[in-house]
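Enquirer: Quick one, what's the 3D model for this:
(chains A and B)
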Amino acid sequence: MYQWFLALFLSSSVTFAHPLRLSLCEIEFYSKKNLLSVNLKLFLTDVNEALVFDPYSKELAFCQPNEHSDADKMLMDYLNRFFYVKFNKKKIGLEIKKKKLSGQGDNTALWIYLEKSVEGKFNSMEIKNAVFTDLFYDQNNIVYIHVNDESKSIMLNKETSTYELNF
Amino acid sequence: MKNKLLIITASYVFAIGCNNDKNQSEEELIKRAHEIHSKVLTLDTHADTPLRMIEPGFDMSVRHDPKETGSKVDYPRMKEGDLDAIFFAAFVAQDIRDDDGNGRAKSLCLQMIDSITTSIDRNSDKVGLALNPDDAYALEKEGKHAIYIGIENGYPIGSDISNVELYFNKGVRYITLVHSSNNDLADSATDPDGMEHNGISDLGSKVIGEMNRLGIMVDVSHGNDSVFYDAIKISKAPIIASHSNAREVTNHKRNFTDEMLKLIAKNRGVVQLTMLSNYLREAKPNIKRDSALAAFRSNMKAVSEMNVDERDDYRKKINLINKQYPDPSANVGHVVDHIDHIVKIAGIDHVGIGCDFDGGGGIDGVYDVSEIKNITVELVRRGYNEAQIEKIWGGNLLRVFREVQAYAEKVRTNSI
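Expert: Next comes the predicted model:
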């Protein structure tokens, strides 16, 4: 039931240069659908800083008609270093299905929707979310996990970047 | 006017003191401020610390280094800062507004509330759950910190008003109607799509009625201006802004205009000052850092030609430049500039403190909860006396809380 048009989330203090270092992630898995979906909401300035070392770079032009041909590859290269979902200790090869921008100026967010079909009986799910902890010591990543009809929220950061959920 | 006179008088006395022995006078001032801070009940109305509580392994009983971890509140630092009471806000980010989304939001909100009560249970020698205004004083007498619970964002109420009572029974004593984007109850000050309900929706109005009936404070922080005006009209009890500042001092749409400040005084409500730099002062460009970064980038290899090791090396160097030239933060002087202004416009009975620690709050001199005494020092420096500081540090909020409960009691006893 995951829908793309999630309403805008911005943290309480997210203003100019968003001093609160935060990202939002929703992970959804319904065993009957055999589908793992991940929706990441990241500040565009952070994405640009992480990928091309310039928060205000126009080079990658995400979601624009002139989006760089390697934009998705660079994004996945970065995410593969700092983010994963594992089932039964095995990393799932997520693929970008959609992206969109929301908000304005320094508050512009890049939404990245990834998914992967997964089949089998799973005993555990492990999540790593250390995005932007290479940029900011105080980066916090809220992760909402929805597995079948159970929901749980966790906070991951530089010190605690992984979490394991046993079914 | 009275306050201005106080400030002028205090400044004069302070200046005379300085002429005699500047260091001694400063020491005396700090000593006096710390004595006042220790004596009055100190209450912070807004901390997003439950977000920390859901971090695997995070222990509230252990002191954390804020410069290493970013954490701003734990129980040892509450003791260091001599903070007697705090509202921990259960926060759920706005998501899909349908039955499934509402159900998930409720589930996540209950988990956040559980994380607070679990932390209280595990640290019952240091803290206690507070449900009523007087609980803060009772717990203080026991040598414990009072933990109140709020909800930031009315989204987890969904379309089922009975959830308000469920949260009340869990200990929730204020609800922030909306967060950074519109929900079914109210419009946000910061939704990029603008207004949806012209303030508070019909459902939001019913929710406020239920909050009034139960004795939950209505929090209008994060709402747009129309939400504020609607809440004033709809609520039968005074309202609060758990973390908002003065727009005349810093032009930000999350802050309150002078007209709103006057109206909240008339409403007998309270605005709780928050420690978010961008709500406290206009940000200035960081020219030295920007020049250093521009120079560095101009000599950088093309990103597409970098291998992972080279990327990591560039990252380290850029992080070093950012560390060398940090963005100048707001300071405690800015905080008290806002307090001065609110006192001038609304009066001393309508201002308090809600730092928003662990939600972006933290400035030079008040970086975490261990440093909150510096607010009291600045208040004393500006001439505020003990009675005024007592009101700012919790008296005003608890007065509103009592009025909210008194209204609920009248409803309960059918005297309204």
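
Enquirer: the helices in chain A, which residues?
Expert: Here chain A has its helices, by DSSP state H, at A:44-52, A:71-82.

Enquirer: Can you give the distance of the last one from its chain's centre?
Expert: Mean C-alpha position of helix A:71-82 versus that of the full chain (Cα atoms, centre = their mean, to the nearest Å) differs by 11 Å.

Enquirer: so what's residue B:328 up against?
Expert: By Cβ atoms under 8 Å, 6 or more residues apart in numbering or on different chains, the residues touching residue B:328 are B:284, B:286, B:364. C-beta here means a position set from N, CA and C on the backbone, and glycine is covered the same way.

Enquirer: still on that earlier bit, for the helices of chain A, which one sits closest to residue B:278?
Expert: With Cβ to Cβ, the closest approach to residue B:278 among these belongs to helix A:44-52: 14.7 Å.

Enquirer: Specify the stretch among the helices of chain A that is closest to residue B:216.
Expert: Nearest to residue B:216 among those is helix A:44-52 (36.0 Å), distances taken as Cβ to Cβ.

Enquirer: ok, and does that closest one reach over to chain B?
Expert: Yes. Applying Cβ under 8 Å from any Cβ of the partner chain, one finds helix A:44-52 touching chain B at A:51-52.

Enquirer: Tell me the helices and strands packed up against that helix.
Expert: Counting contacts by 3 or more Cβ pairs under 8 Å, 6 or more residues apart in numbering or on different chains; DSSP states H and E, helix A:44-52 packs against helix A:71-82, strand A:109-117.

Enquirer: near chain A, which residues of the stretch 201-350 of chain B show up?
Expert: B:222, B:243, B:252, B:254, B:276-279, B:283, B:297, B:300, B:303-304, B:308, B:312, B:314-315, B:318-319, B:327.

Enquirer: Mind pulling up the pLDDT for the spatially most central residue of chain A?
Expert: Centroid-nearest residue in chain A, with Cα atoms, centre = their mean: residue A:40, separated by 2.8 Å. According to the prediction, residue A:40 has pLDDT 97.

Enquirer: Over to residue A:46?
Expert: pLDDT, residue A:46: 96.

Enquirer: was I right about it contacting residue A:135?
Expert: Yes. If you go by Cβ atoms under 8 Å, residue A:46 and residue A:135 touch, sitting 6.6 Å apart.

Enquirer: so how far is residue B:32 from residue B:381?
Expert: According to Cβ to Cβ, to the nearest Å, residue B:381 and residue B:32 sit 10 Å apart.

Enquirer: Compare neighbour counts for those two and give me the winner.
Expert: residue B:381 (19 against 14; other Cβ atoms under 10 Å in any protein chain shown).

Enquirer: Okay, the more buried one and chain A: tell me how far apart.
Expert: Per Cβ to the nearest Cβ, to the nearest Å, residue B:381 is found 26 Å from chain A.

Enquirer: residue contacts, residue A:137?
Expert: A:158, B:67-70 are the contacts of residue A:137 under Cβ under 8 Å, 6+ apart.

Enquirer: quick one: which of those is nearest residue B:77?
Expert: Residue B:77 has its nearest neighbour among the contacts of residue A:137 in residue B:69, at 11.6 Å by Cβ to Cβ.

Enquirer: what number of residues lie near the closest residue to residue B:148 other than its chain neighbours?
Expert: Spatially, and ignoring its direct neighbours in sequence, residue B:148 is nearest to residue B:87 (4.4 Å; Cβ to Cβ, 6 or more residues apart in numbering or on different chains). Taking other Cβ under 10 Å as the criterion, the count of residues near residue B:87 is 27.

Enquirer: Would you verify that residue B:87 is located in a strand?
Expert: Yes. Assigned with DSSP: H, G, I helix; E, B strand; the rest coil, residue B:87 falls within a strand.

Enquirer: still on that earlier bit, will you turn the contacts of residue A:137 into JSON lines that also has pLDDT, neighbour count and distance to residue B:408?
Expert: Converted to JSON lines, those look like this (pLDDT from 0 to 100; neighbours: other Cβ atoms under 10 Å in any protein chain shown; distance: Cβ to Cβ, whole Å):
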{"residue": "A:158", "pLDDT": "94", "neighbour count": "18", "distance to residue B:408": "44"}
{"residue": "B:67", "pLDDT": "91", "neighbour count": "10", "distance to residue B:408": "43"}
{"residue": "B:68", "pLDDT": "91", "neighbour count": "11", "distance to residue B:408": "44"}
{"residue": "B:69", "pLDDT": "91", "neighbour count": "19", "distance to residue B:408": "39"}
{"residue": "B:70", "pLDDT": "92", "neighbour count": "22", "distance to residue B:408": "38"}
